[in-house]
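In: Test case, fold it:
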Amino acid sequence: MINYLRTFFLTLAFISLTACTSINGNNDNIAQLSTQGVQVVQQGVKVNLILPADTFFKSGSPTLKPSAYPILDNIAVVLSQYPSANVTIAGYTDNVSSPKRNREFSKALANSIVTYLWTKGIPFQRMTMIGYGEANPIATNRTVQGNTSNRRVEINFWQQAV
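Out: Got it, this is the predicted structure:
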């Protein structure tokens with residue numbers, strides 16, 4: 001019985017150690033995104049990736065820039081490391097246009113990201129797309145710099161060891 005318990009606890013410790021190593025390795029991949037123009041915000045196991053619209057999209061369009069593809073490829077790799085994690089992809093705009101148009105445009109931004117990630121193997125059923133329009137600004141809309149900051153897509157997920 002004692003040998004059984006010892007084996008059980010050693011196995012538990014090994015599984016925990018393996019999970020921690022896996023998460024730390026994945027954190028390295030997530031941190032690398034910050035060197036590619038993605039703002040990475042981690043709070044415990046929650047990860048928020050903020051993609052500036054001017055970096056990822058053609059001006060005034062939900063069309064992805066070709067320069068965004070390698071970064072989105074890396075995001076797809078990170079997301080594939082958490083196959084049971086659901087992903088929320090939310091588009092945001094500034095307040096320059098009408099609220100209705102901003103909501104529609106922010107949905108189109110999010111949809112472009114969802115579609116691209118799907119082509120890289122992330123299943124649609126894992127992704128939820130939201131268009132917030134001008135809601136939830138992260139900067140003032142009274143300046144050009146603030147407007148630029150508010151035009152973004154956020155990708156949120158919770159890390160879960162596999």
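In: Please name the strands paired to the helix or strand containing Asn156 in the sheet, noting orientation.
Out: When elements are assigned from DSSP states H and E, Asn156 belongs to strand 152-158. Using DSSP bridges, the strands paired with strand 152-158 are strand 46-52 (antiparallel), strand 87-92 (antiparallel).
In: Provide a list of residue ranges in this structure with pLDDT below threshold.
Out: Counting by pLDDT under 70, the chain has low-confidence residues at 1-26, 160-162.
In: Centre of the chain to stretch 149-159, how far?
Out: With Cα atoms, centre = their mean, to the nearest Å as the basis, the distance from the averaged C-alpha position of stretch 149-159 to the chain average is 5 Å.
In: List the buried residues of that stretch.
Out: Ser149, Asn150, Arg151, Arg152, Val153, Glu154, Ile155, Asn156, Phe157, Gln159 (16 or more other Cβ atoms under 10 Å). For every residue, glycine as well, the C-beta is placed using N, CA and C.
In: Show me what it is in contact with.
Out: Applying Cβ atoms under 8 Å, 6 or more residues apart in numbering, the contact partners of stretch 149-159 are 23, 26-27, 45-54, 56, 75, 79, 82, 85-95, 109-110, 113, 134, 137-139, 141.
In: Just the buried ones from these, in ChimeraX syntax?
Out: Selection of buried members from the contacts of stretch 149-159 for ChimeraX, criterion 16+ other Cβ under 10 Å:
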select :23,26,47,49,50,51,52,53,56,75,79,82,85,87,89,90,91,92,93,94,95,109,110,113,134,137
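In: mind saving the C-alpha coords of the strand holding Asn156 as PDB?
Out: Listed in PDB are the C-alpha atoms of strand 152-158, where the atom choice follows Å, rounded to 0.1, in the frame of the first residue of the first chain:
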ATOM      1  CA  ARG A 152      -7.900  47.400 -32.600                       C
ATOM      2  CA  VAL A 153      -8.700  43.700 -32.300                       C
ATOM      3  CA  GLU A 154      -8.300  41.900 -29.000                       C
ATOM      4  CA  ILE A 155      -7.900  38.100 -28.800                       C
ATOM      5  CA  ASN A 156      -8.700  36.700 -25.300                       C
ATOM      6  CA  PHE A 157      -8.200  33.200 -24.000                       C
ATOM      7  CA  TRP A 158      -7.400  31.300 -20.800                       C
END
